[in-house]
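Engineer: turn this into a structure:
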Amino acid sequence: MNATSSEYVEEIKENGNNSDCFYDPPFVTERFWLVGVAGTTVAIISFIENAFLFYVLMKRRSHRASQNLYLGLLAFFDMFMAGAYIPLMSLNLFADYFRSLPLLTAWYYYMIPLITVSHMAMTSSSFLIVAATFERFAITVTPQYTKFVSRHRVAIAVIAILLGFLTKLTMALEIEWTFDKQCEGFMTQWVIDVSEFARNQTYATYWKVLFRNIVTILLPFFLLLVLNIGIIFAYRRTDFHYLNVQKLSEAKRKQRVRAATRTLLLVVFTYLLSNFLNVIVTIWEYFDIQQLQEEFPVFYLFAVDVVSLLTIIAGALRLPIYVSCQKQLRCEFALQLKKCLFFANYWVR
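Structural biologist: Residues are numbered from 1 along each chain as shown. Have a look, this model is predicted:
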């Protein structure tokens, strides 16, 4: 127990409050360094990188008219998730670590809408990666569908985002918090619980547990796994078919296809790695959540933190992947960065 915890216990004793108001969450110091320090640092880096990516990839029509549309939209949602990580995860840990009741109170007021929107963004990102992978699969494996997916790219992207929003919209109705007057003035004055709406057996079993977990977590993961295995096998062959209106030589077209394919493969690979633990926890929760909570509470506690952190790390790796794989984007990013630094120096003067 740290010093702040000891002071909090003394405060309870001095005020004669009952033991129900005692608040001593486990592993606060360890989670402070994991989430509050490491997580916040990665989230800031990811936010800056993806804000830059979104600006560069969406300002030019040539990017918006190509498969880079998915990458630009992905950057937007990664930027939002990185921005939401700090008020949702980091500030909650800061409130526990420093025993700050005002910070915890503020967190309860914005927590429900922000966690709902951040999950919408996370799911939309998953579906956008699936859509981009399917188009790459069509280009490398089933070229007869290339024209269809490229022609309907905007519609596919919109559908992916709408699916992300609709599947997670009801999360706002699943959580509720109440004020416990007996513990007024203490960290336990706010009580969080599952709402009456979420306790409905039909909703909880069929929508929340089965449909939503399968569609938003398991299906994208395994679908990306299968599609990428197909792409990797096709990638090893030298014969690539790519429909392009630009008058490029065959060698250059193949080179660009390979670079774009490598880029997406690495993006998907980081997604699969970052979601591997999430898939394990989701399956475990479905089969025996009681065992997970009672027999492995430490693992469960840190798994939730690590899953969120891995999602942010995956977002922070997008820019290095694009820079290392695609020379054209690398040159464009460098030029844009020089412009940004020039304007920054100009205004400093």
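Engineer: please count neighbours and contacts with C-alpha atoms only from this point.
Structural biologist: Noted.
Engineer: quick one: the helices in the stretch 51-200 of the chain?
Structural biologist: Here the stretch 51-200 of the chain has its helices, by DSSP state H, counting those that start in this stretch, at 61-64, 68-85, 91-98, 101-140, 146-151, 153-168, 196-199.
Engineer: JSON lines for these, including distance to Trp33 and mean neighbour count?
Structural biologist: Shown next, in JSON lines, are the helices of the stretch 51-200 of the chain (distance: least, CA to CA, whole Å; neighbours: other CA atoms under 10 Å):
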{"stretch": "helix 61-64", "distance to Trp33": "39", "mean neighbour count": "14"}
{"stretch": "helix 68-85", "distance to Trp33": "15", "mean neighbour count": "24"}
{"stretch": "helix 91-98", "distance to Trp33": "9", "mean neighbour count": "20"}
{"stretch": "helix 101-140", "distance to Trp33": "18", "mean neighbour count": "21"}
{"stretch": "helix 146-151", "distance to Trp33": "45", "mean neighbour count": "16"}
{"stretch": "helix 153-168", "distance to Trp33": "30", "mean neighbour count": "18"}
{"stretch": "helix 196-199", "distance to Trp33": "33", "mean neighbour count": "14"}
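Engineer: out of these, nearest to Asp288?
Structural biologist: Minimum separation from Asp288 across the helices of the stretch 51-200 of the chain (CA to CA) falls at helix 196-199, 17.9 Å.
Engineer: quick one: contacts of the closest one?
Structural biologist: With CA atoms under 8 Å, 6 or more residues apart in numbering as the test, helix 196-199 has contacts from Leu173, Glu174, Ile175, Ala204.
Engineer: and the second one, what pLDDT?
Structural biologist: In this model, Glu174 is scored at 92, pLDDT.
Engineer: what are the phi and psi values at it?
Structural biologist: Main-chain torsions, Glu174, degrees, to the nearest 10: phi -90, psi -20.
Engineer: any chance of TSV for the helices of the stretch 51-200 of the chain, columns distance to Ile289 and mean pLDDT?
Structural biologist: Shown next, in TSV, are those (distance: least, CA to CA, whole Å; pLDDT from 0 to 100):
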stretch	distance to Ile289	mean pLDDT
helix 61-64	43	88
helix 68-85	25	95
helix 91-98	24	92
helix 101-140	21	93
helix 146-151	40	87
helix 153-168	21	96
helix 196-199	16	90
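Engineer: nearest to Ala51, out of those helices?
Structural biologist: helix 68-85 (6.0 Å).
Engineer: from the chain's centre, how far out does that closest one sit?
Structural biologist: With CA atoms, centre = their mean, to the nearest Å as the basis, helix 68-85 stands 9 Å off its chain's centre.
Engineer: now do it against helix 91-98: the angle between them, please.
Structural biologist: Calculated by axes from the mean of the first three to the mean of the last three CA atoms, to 10 degrees, helix 68-85 forms an angle of 20 degrees with helix 91-98.
Engineer: dump helix 68-85 to PDB, restricted to CA.
Structural biologist: The C-alpha coordinates for helix 68-85 follow below in PDB (Å, rounded to 0.1, in the frame of the first residue of the first chain):
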ATOM      1  CA  ASN A  68      -5.100   5.400 -49.500                       C
ATOM      2  CA  LEU A  69      -8.600   6.600 -48.700                       C
ATOM      3  CA  TYR A  70      -8.800   3.700 -46.200                       C
ATOM      4  CA  LEU A  71      -5.400   4.700 -44.700                       C
ATOM      5  CA  GLY A  72      -6.600   8.300 -44.300                       C
ATOM      6  CA  LEU A  73      -9.800   7.300 -42.600                       C
ATOM      7  CA  LEU A  74      -7.900   4.800 -40.500                       C
ATOM      8  CA  ALA A  75      -5.600   7.700 -39.400                       C
ATOM      9  CA  PHE A  76      -8.600   9.800 -38.400                       C
ATOM     10  CA  PHE A  77     -10.000   7.000 -36.100                       C
ATOM     11  CA  ASP A  78      -6.500   6.200 -34.700                       C
ATOM     12  CA  MET A  79      -6.100   9.900 -33.900                       C
ATOM     13  CA  PHE A  80      -9.400   9.900 -32.100                       C
ATOM     14  CA  MET A  81      -8.600   6.700 -30.100                       C
ATOM     15  CA  ALA A  82      -5.200   8.100 -29.100                       C
ATOM     16  CA  GLY A  83      -6.900  11.300 -28.000                       C
ATOM     17  CA  ALA A  84      -9.600   9.400 -26.000                       C
ATOM     18  CA  TYR A  85      -7.100   7.100 -24.300                       C
END
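Engineer: quick revisit: dump the helices of the stretch 51-200 of the chain to CSV, plus distance to Phe287.
Structural biologist: As requested, those are arranged in CSV below (distance: least, CA to CA, whole Å):
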stretch, distance to Phe287
helix 61-64, 43
helix 68-85, 29
helix 91-98, 29
helix 101-140, 23
helix 146-151, 38
helix 153-168, 22
helix 196-199, 18
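Engineer: and Ile217, which of the ones you listed is closest to it?
Structural biologist: Going by CA to CA, the one of these nearest Ile217 is helix 101-140, 8.0 Å.
Engineer: which strands or helices does the closest one pack on?
Structural biologist: helix 68-85, helix 91-98, helix 146-151, helix 153-168, helix 219-235, helix 250-294 (3 or more CA pairs under 8 Å, 6 or more residues apart in numbering; DSSP states H and E).
Engineer: if we go to 6 Å?
Structural biologist: The contact analysis (3 or more CA pairs under 6 Å, 6 or more residues apart in numbering; DSSP states H and E) places helix 101-140 against helix 68-85, helix 153-168.
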